[in-house]
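K.L.:
A predicted structure for the sequence below; I have some questions about it.
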Amino acid sequence: MAGAAVLLVLVVALLPSPYAIEQPGPVYDTLGSAGAGKDRAPLITIEGEKTYPTSGRLDLLTVSVLGTAQGGPSWLDLAEAWIDPQKAVIPLEAVFPRGETQQQADRESAAQMTGSQQSAIAAALSRLGDDVGGTVTVGTVQRGSAAAGRLEEGDVVTSFDGEAITDSCSLQNAVLEHGARPATVVVRRDGATRSVRVVPKRVPDGSGGTRPLLGVATTAKIDPPFTVDLRIDDVGGPSAGMMFALGIVDRLTPGSLTGGRHVAGTGTICGDGEVGAIGGIVQKMAAARAAGATLFLAPEENCGEVVGHIPSGLDVVPVSTLSGAIETLEKVRDQGSARALPTCAAQVGSPG
């Protein structure tokens, strides 16, 4: 009887769970190269415009997710993750909304990365005085989502509830700010302009709450005055945007933004330079410190998750815009430390 009970416990422990595990992923220096052998190439390549030598590092961070649209890791894996401070256990639906296939999830993640790269280029060049324009096109519509039956693949989104849309990030932020209320989405479809009524649906956000979602994957296209190519393989999502933008600015301006320091950071970015919240901030801070970074730029909106989880030896400074991030780097470079700069503890009213 005891043996059967032990066997039953082991079987249950190995069953897939309805959760996913977030853990620190690979780190990439936007000022450096990635890949191996003949495939090794710079993360940022600029042609048709003068660039400048720089120094230091501007690392973008990633989070590895254990779990798929078909099921989460085993309960045994979860038990190990729950006691590991560098890992986080989140509902599987926060990563893979109900009804979404793995193929759809992969396509959406890749589209988010492509969109974030376009936004990074737009934000960086706009900061330097260039006009890049921008259009946002619907790539896929998730089955059962708010957009299903209303938006179509190929629709060019021009506005959301009266707000002009010029990149994928501005659409995402417009939906988040609007919430799960009826909204008018204006699109160009088959050469005609149409107004579509959509009610965003709330889905789990991974932190116990929910967020409004349209349920579309979009692609953004800009028209910069010269060529900027961003390369990063096998990484999805929008959280690399700010660090790519900083890397572009550093390459296009004399001197070094970092002053030779090892800097890391994370955050979405819109074409207007607004920096947004991301997931897995605790895991990314751990990865940054493990890679040798001493300064970390965090989205101001993530401050509540930052406080109490900062690794020893890492200074974390909150930022809300690309201009603010650049000013932070310049102050640290010129002053020699981040001691006089704002902290997340001050932002959320915590001591220290």
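P.N.:
Perfect, I can see it now. Computed from a predicted structure; not experimentally measured.
K.L.:
tell me which other helices or strands the strand or helix carrying Leu76 touches.
P.N.:
If you go by DSSP states H and E, Leu76 is part of helix 75-82. Counting contacts by 3 or more Cβ pairs under 8 Å, 6 or more residues apart in numbering; DSSP states H and E, helix 75-82 packs against helix 2-13, strand 19-29, strand 88-91. To be clear about C-beta, it is placed using only N, CA and C from the backbone, and glycine gets the same treatment.
K.L.:
any idea how far that helix is from the chain center?
P.N.:
26 Å (Cα atoms, centre = their mean, to the nearest Å).
K.L.:
so where's the stretch 201-350 of the chain uncertain?
P.N.:
Where the stretch 201-350 of the chain drops to pLDDT under 70, the residues are 206-208, 346-350.
K.L.:
and if we set it to 80?
P.N.:
Counting by pLDDT under 80, the stretch 201-350 of the chain shows low-confidence ranges at 204-209, 233-234, 345-350.
K.L.:
so who does the residue nearest the centre of the chain touch?
P.N.:
When Cα atoms, centre = their mean is applied to the chain, the residue found nearest the centroid is Ser239 (1.6 Å). The contact partners of Ser239, by Cβ atoms under 8 Å, 6 or more residues apart in numbering, come to Leu60, Leu61, Thr62, Ser116, Thr266, Gly267, Thr268, Ile278, Gly279, Gly280, Lys284.
K.L.:
excluding its backbone neighbours, what's nearest Gln23?
P.N.:
For Gln23, ignoring the flanking residues on the chain, the nearest one in space by Cβ to Cβ, 6 or more residues apart in numbering is Lys87 at 4.7 Å.
K.L.:
which residues touch that neighbour?
P.N.:
With contacts defined as Cβ under 8 Å, 6+ apart, the neighbours of Lys87 are Ile21, Glu22, Gln23, Ala81, Gln283.
K.L.:
also Asp223?
P.N.:
Counting by Cβ under 8 Å, 6+ apart, Asp223 touches Val132, Gly133, Gly134.
K.L.:
and it, how far from Ser116?
P.N.:
18 Å (Cβ to Cβ, to the nearest Å).
K.L.:
what does His178 give?
P.N.:
To Ser116, His178 is 21 Å away according to Cβ to Cβ.
K.L.:
which of the three states applies to Ala325?
P.N.:
Under DSSP: H, G, I helix; E, B strand; the rest coil, Ala325 falls in the helix class.
K.L.:
hang on, it packs against Val275?
P.N.:
Yes: because the distance of 6.7 Å satisfies Cβ atoms under 8 Å, Ala325 is recorded as touching Val275.
K.L.:
higher neighbour count, those two?
P.N.:
Val275 (30 against 27; other Cβ atoms under 10 Å).
K.L.:
how about the nearest residue to Asp59, chain neighbours excluded?
P.N.:
For Asp59, the spatially nearest residue (Cβ to Cβ, 6+ apart) is Ala264, at 3.9 Å.
K.L.:
residues near that neighbour, how many?
P.N.:
As a burial measure, Ala264 scores 27 neighbours (other Cβ under 10 Å).
K.L.:
stretch 86-93: how far from the chain's middle?
P.N.:
Counting by Cα atoms, centre = their mean, stretch 86-93 comes out at 16 Å from the chain centroid.
K.L.:
and it, end to end?
P.N.:
This stretch, stretch 86-93, spans 21 Å end to end (Cα to Cα, to the nearest Å).
K.L.:
who is the residue nearest to Ala146 when sequence neighbours are not counted paired with across the strands?
P.N.:
Nearest residue to Ala146, sequence neighbours excluded (Cβ to Cβ, 6+ apart): Lys201, at 4.5 Å. The residues listed as beta-bridge partners of Lys201 by DSSP bridges are Leu213.
K.L.:
in this structure Lys201 contacts Leu213, no?
P.N.:
Yes: using Cβ under 8 Å, Lys201 makes contact with Leu213 at a distance of 5.9 Å.
K.L.:
need the residues touching each of the two.
P.N.:
With Cβ under 8 Å, 6+ apart as the test, Lys201 and Leu213 both reach Ser145, Ala146.
K.L.:
what residues of stretch 120-135 count as buried?
P.N.:
Neighbour-count burial for stretch 120-135, with 16 or more other Cβ atoms under 10 Å as criterion, is recorded at Ala120, Ile121, Ala122, Ala123, Ala124, Leu125, Ser126, Arg127, Val132, Gly134, Thr135.
K.L.:
the first one and Ile269 touch, don't they?
P.N.:
Right, Ala120. Yes: assessed by Cβ under 8 Å, Ala120 is found in contact with Ile269 at 5.6 Å.
K.L.:
between the two, which contacts overlap?
P.N.:
Joint contacts of Ala120 and Ile269 (Cβ under 8 Å, 6+ apart) are Gly241, Met242, Phe244, Ala245.
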